[in-house]
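> any chance you can model this:
(chains A and B)
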Protein chains: 2
Amino acid sequence: MVSYILSHQAYLKIFFHAAKHPHLRVNGVLLGKLDPASQNVLIEDVIPLLHHWTSLSAMMSIGLNLAQGYAESVNLALVGYYQASDRVDDTALAPVGEKVVSELREQFKEAIAFVIDGDKLGSGEPALIPYLPWASTSSWRPYNLNPPAFSIGSSISLANPASPSQAIALVRDAQRHYKFGDFDDHLEDVTIDWLRNQAYKRNYRKVPESASTLIMTITHAAAFNGTFIHSPRLGVVDILRDYLLAINHTVVDDRGLISHFSPANSCTSLQLLQESNIFPTIIPDGSFVLPTFCDLHLHAPQFLYQGTGLHLPLMQWLDEYGYRSEERIDADPLLARKVYKRLAQRLIEAGTGAVLLFGTIKKETNIILAEEMQNAGIRAFVGKLSMDISSRPSYVESSSEDSLASAQKFVAECRNLVSQFPPHRRLVEPVITPRFIPTCSNDLLSGLGALSEKESLRIQSHLAEAHEAVEWVKQERGIEDFDAFESSKLHTNRTIQAHCTFLNQTALSGLAKRGTAVAHCPLSNSYFSERQFPLREALSEGVKIGLGSDIAGGYSVDIMDSMRKAVITSRLREGARKLDPNSLLINDTSDKPMQTSLAIDWVEALHLATRGGAHALGLPQTGVFEVGAAFDAQYIKLYDDTTGAGVGALDFFDSPLGSGITLQILEKWWCIGDVRNRTGVWIQGEKLT
Amino acid sequence: MVSYILSHQAYLKIFFHAAKHPHLRVNGVLLGKLDPASQNVLIEDVIPLLHHWTSLSAMMSIGLNLAQGYAESVNLALVGYYQASDRVDDTALAPVGEKVVSELREQFKEAIAFVIDGDKLGSGEPALIPYLPWASTSSWRPYNLNPPAFSIGSSISLANPASPSQAIALVRDAQRHYKFGDFDDHLEDVTIDWLRNQAYKRNYRKVPESASTLIMTITHAAAFNGTFIHSPRLGVVDILRDYLLAINHTVVDDRGLISHFSPANSCTSLQLLQESNIFPTIIPDGSFVLPTFCDLHLHAPQFLYQGTGLHLPLMQWLDEYGYRSEERIDADPLLARKVYKRLAQRLIEAGTGAVLLFGTIKKETNIILAEEMQNAGIRAFVGKLSMDISSRPSYVESSSEDSLASAQKFVAECRNLVSQFPPHRRLVEPVITPRFIPTCSNDLLSGLGALSEKESLRIQSHLAEAHEAVEWVKQERGIEDFDAFESSKLHTNRTIQAHCTFLNQTALSGLAKRGTAVAHCPLSNSYFSERQFPLREALSEGVKIGLGSDIAGGYSVDIMDSMRKAVITSRLREGARKLDPNSLLINDTSDKPMQTSLAIDWVEALHLATRGGAHALGLPQTGVFEVGAAFDAQYIKLYDDTTGAGVGALDFFDSPLGSGITLQILEKWWCIGDVRNRTGVWIQGEKLT
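Numbers count the residues shown, from 1 in each chain, chains lettered A, B, ... in the order given. Have a look, this model is predicted:
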């Protein structure tokens, strides 16, 4: 006989359906397919039908009919039936169940039925009794071969042996079954998506109201098989086809690290598949998995005024929208939570998995920011602003001492916030954040430098952004922007400086020597900097560089937009240099122009957005797929694997089917892809969307 | 009693339902609302239920239930019931109908029923018999008050008196009823959207197989009430709230011109509403209507390779992708049709209503391009390429005579293609298109100049795009690009030149004097021109300017992308000038720098994308809302009018409800809006999406 493997999702859904209506009769159908090679029936999903059935009603026929249509649309078949009785001890397959599954058998001859075993529901054992047809009769009997169902070596098994215990935890601790709906529910409320039922997956990473327990949630397959794309080095993009990637993502080890990564037909991959109970998610032709993006510069409170007032000069914009947003958010915790929650959603939607944030001056508001990022499940480096000088009397810290004390308290509270979690689930970290030189006294700067050193904290600020700011510092302090940071010990290998458009070659080389990284923000620079960042020169010096959205001096949260603008800006610089080789010289020690083109291409931009950003943020374990790296990834769909039709803005007139994802196809996505191509995001092995 | 007004859409749907199943019993429900001011019941839509009902079945209950849910989701109520019998002469309201409508009456006390009058279905008269409850009994009787239903002064009327005749035409000539499906159909095929049923609206503008008849189709309300936004002059954006706009869009006059445009509470508006049978579509808070965009430069065949190979230098890109796409498309009419059809869809999706196209050298392929644009319903100016010199031996016309003869034939055939339509429905026009100077002999250039003059044809080409091209012309012909066009009489007030990045002040002034327009393509220029177009200088000279996507040297078809890049490029130029006032001087007659900023803002960009482009294209009757202008418009939704929630990428943390669309909100859309905000596009009064 064939074997049956029930996926994690399918088990959870059956369990939730029964748990939601403990005293009613529930039923539904199983979706899956017969794998011709292994002769396994893979039960991938279920569709719940009713929760108060008695006999075969018109309603059930209609539900079955719609379920059938849905199954076909996702290339699956109806491969079986499940039910629960209204009494715990009744485990008989009801006549109506026999009738339904017998009919399904006419289409799919290996059809199977499961009856929920009420006695085992809370036990952590698989709570299902399989029924198969009895010889040539039309009657169905419980499966009674040896070894018994769900024991080692049985032909009826779970893809994930931890499904029963996880199902219990999800119901008990997270009431996930209330987010689950069947056809009956749908008839009451058409917004309930009974066919897909994905809502139960949401709202995982909540910081618990009572911080006493960490809910362990495992939401999906722990392995993938298909195309992976990453850029391990500048100028390189690897398209790795038919790879197997597995993740530590079980109840005993949920670190979310990549535990296996090699071609699917390699010996180690085959061995893994044979020895473990892994049931990999297949990434179909036309889709691929890519590391998430890093955003190295984003003013979280300014998201309130995204895309507003950008015709104003920088200082006026800051006063009317920048500072104003910060002041409003510091004054209104509810508004802060609303803006930060939405920001986190938008970042995930855009595929950003790690973000370096400027917050506000008030400690409490930055804790809200940290909470919302931790809850959303993305890596966030949260900077409480330090500024003891300001042009806006209502928005400044009262003294350098107060400012330092507040920074220190924020660091402690932010760390405390996540101390309840195991180290790999601590996604937020505090960052030392002198706003920029003009708003910080020398005392504050050196105090922050010392604090960062003592506590091994990352540092961020703005460096040499605009002509006016650079001149201001020179006039006020008689030194360059750059030197003010240097003398306060703020240029470390934990530092990320935004912009750096006005740095010369010596300064770039200084950054490289210190290991200080640059957040390149081409969109906001084109608005507010008279000069553009010497990207190629900085790369040649070996400076660590990633991209930043600079919300809300920049209007787009999407790092794909930053990539495109980085290429454009660099091409404009190269164009200008071609017309006049001396026009863009930033080299103050030699007058030889660079040999390399100043332009970067899309492949280089993709590196900056992923691995480059990860390096700049001091996250060497992300931005790349390799064993030991965290599984921080986005799932991108470019075309349908059956029709070859492009997704979102993409059109393919030469069918991509068969050829798989090529550099050309990838470039098209780079140029015109958008959020519609992104169907999933994971951080540390956990799925966020 | 209250009055009942049945919308055009509702009448069509009932008619289609009956026409699709002439020998079956069909039924459905009416969706609408009671307007508290006028006490009119506005029947806006219908949902078809079954086409083989007998008694009140479970299926009908479920269908009613789902219809109810849908109605609520669109803020409408179930306000009645309709049915047709299986016999033409049976016009009784069946007991099941009485039962359903009596139940509806419990929720909506003015519920009404209609029975289809089979005798009148083909007559052009309204084929509906209204039933209302008989006094206080539960029995329903045909409406028998005077004046009779649907006659002048009756309290039961059609919003559009032409609905019956148009319904007949749509069924008879366009078989539109086959695109219509009810709940029964949905149960057979879940992809049928029985609740909304919008599919029947599609495929209007088809050039008929037999060109003998033009199908007159009227698809929607001929008036709108709400917010209109346009930019009649550079630097000005008018937000016109609560305006009434009416369109010539009836059977007798379907010119699609704006016949009325003034504040809704003005005397003329009130008079119009009173005297005519207009039932305006309300544009809710959060949505507005804007003129469609103009795209002044797009290589249609290169859409095949959109977003491909853009790291290559221009000449290599042209050879590997540009020329190759043209050659492939000229060799393969099926591919041509596929690419051009999709391009038209993408343009409409992006809100582009008028487009100036470069085609290929083969006449027949350009006719396909013209057909597809006419069929899609957008204004297209189609340029068959003229080129008798080429670096690619396989892609060139054999002589200047052949090239001229082919251009002439194309002009005649393209004009002939649309001669079957009345003048206002001729949406495509041929354009004289010397590819660029390096590919055209002097004979060809002067021949094309003469042809354009004789036939009053528009002209397009590339002018002074890149350093290499400009130098090439100088070396080969000893003159500037600009002068080669001048001496061939190709610079006219019907000419649109792409790029113009290398023009100096004198040349810009020359363009202004001739009335020659510029297609500014900031994205492709940033890739392929060393210098950027001196936009502000050209505007100051009075040159007509619009924006171009330059597919596929540019990768985005979206003119919103061009607007954003135009602002960025201009700001970069202004930034560079601030650092070095002489760096960007293009003034060869004086050394005084301009006083004005070289940067444009989003409001100026919006003008270039709409009214500016229309002027450049010689379409003075578009790009603005005023009486006599063509209704070429896009419908943009920024937020939900009940919740204030942003649509697409837009977030509003300060509720926009009540304040309506402000400049700030509009700017946010300009920065981050996308296709998700666009819910409709009209050209010449006809709805395309």
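> wait, a helix at residue A:576?
Yes - counting by DSSP: H, G, I helix; E, B strand; the rest coil, residue A:576 falls inside a helix.
> which pLDDT value goes with the nearest residue to residue A:121 once chain neighbours are set aside?
Closest residue to residue A:121 apart from its sequence neighbours, by Cβ to Cβ, 6 or more residues apart in numbering or on different chains: residue A:127 at 4.7 Å. Just so you know, the C-beta spots here come from the backbone N, C-alpha and C atoms, and that holds for glycine as well. Per-residue pLDDT puts residue A:127 at 93.
> distance check, residue A:127 against residue B:449.
84 Å (Cβ to Cβ, to the nearest Å).
> wait, residue A:677 touches residue A:648, no?
Yes - counting by Cβ atoms under 8 Å, residue A:677 touches residue A:648, with 5.0 Å between them.
> low-confidence bits of chain A, can you list those?
A:136, A:173-174, A:200-221, A:249-252, A:277, A:587-593 (pLDDT under 70).
> what ranges do the strands span in the stretch 1-150 of chain A?
A:3-6, A:26-35, A:40-50, A:77-84, A:112-116, A:128-133, A:140-142 (DSSP state E, counting those that start in this stretch).
> would you mind putting those strands into TSV with distance to chain B alongside?
Below are the strands of the stretch 1-150 of chain A laid out as TSV (distance: least, Cβ to the nearest Cβ, whole Å):
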stretch	distance to chain B
strand A:3-6	25
strand A:26-35	14
strand A:40-50	12
strand A:77-84	14
strand A:112-116	24
strand A:128-133	28
strand A:140-142	27
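> mind putting those into CSV with mean neighbour count and distance to residue B:560?
Below are the strands of the stretch 1-150 of chain A laid out as CSV (neighbours: other Cβ atoms under 10 Å in any protein chain shown; distance: least, Cβ to Cβ, whole Å):
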stretch, mean neighbour count, distance to residue B:560
strand A:3-6, 23, 48
strand A:26-35, 23, 41
strand A:40-50, 24, 39
strand A:77-84, 27, 44
strand A:112-116, 27, 52
strand A:128-133, 22, 53
strand A:140-142, 17, 60
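> and the ones you listed as JSON lines, adding distance to residue B:491?
Shown next, in JSON lines, are the strands of the stretch 1-150 of chain A (distance: least, Cβ to Cβ, whole Å):
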{"stretch": "strand A:3-6", "distance to residue B:491": "73"}
{"stretch": "strand A:26-35", "distance to residue B:491": "66"}
{"stretch": "strand A:40-50", "distance to residue B:491": "65"}
{"stretch": "strand A:77-84", "distance to residue B:491": "67"}
{"stretch": "strand A:112-116", "distance to residue B:491": "78"}
{"stretch": "strand A:128-133", "distance to residue B:491": "80"}
{"stretch": "strand A:140-142", "distance to residue B:491": "85"}
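> quick one: closest of those strands to residue B:121.
strand A:40-50 (40.5 Å; Cβ to Cβ).
> strand partners (parallel or antiparallel) of that closest one?
strand A:3-6 (parallel), strand A:26-35 (antiparallel) (DSSP bridges).
> with respect to residue B:117, which of those lies nearest?
strand A:26-35 (44.6 Å).
> got the angle for that closest one vs strand A:77-84?
Taking axes from the mean of the first three to the mean of the last three Cα atoms, to 10 degrees, one finds that strand A:26-35 is oriented at 150 degrees with respect to strand A:77-84.
> thanks a lot, see you next time.
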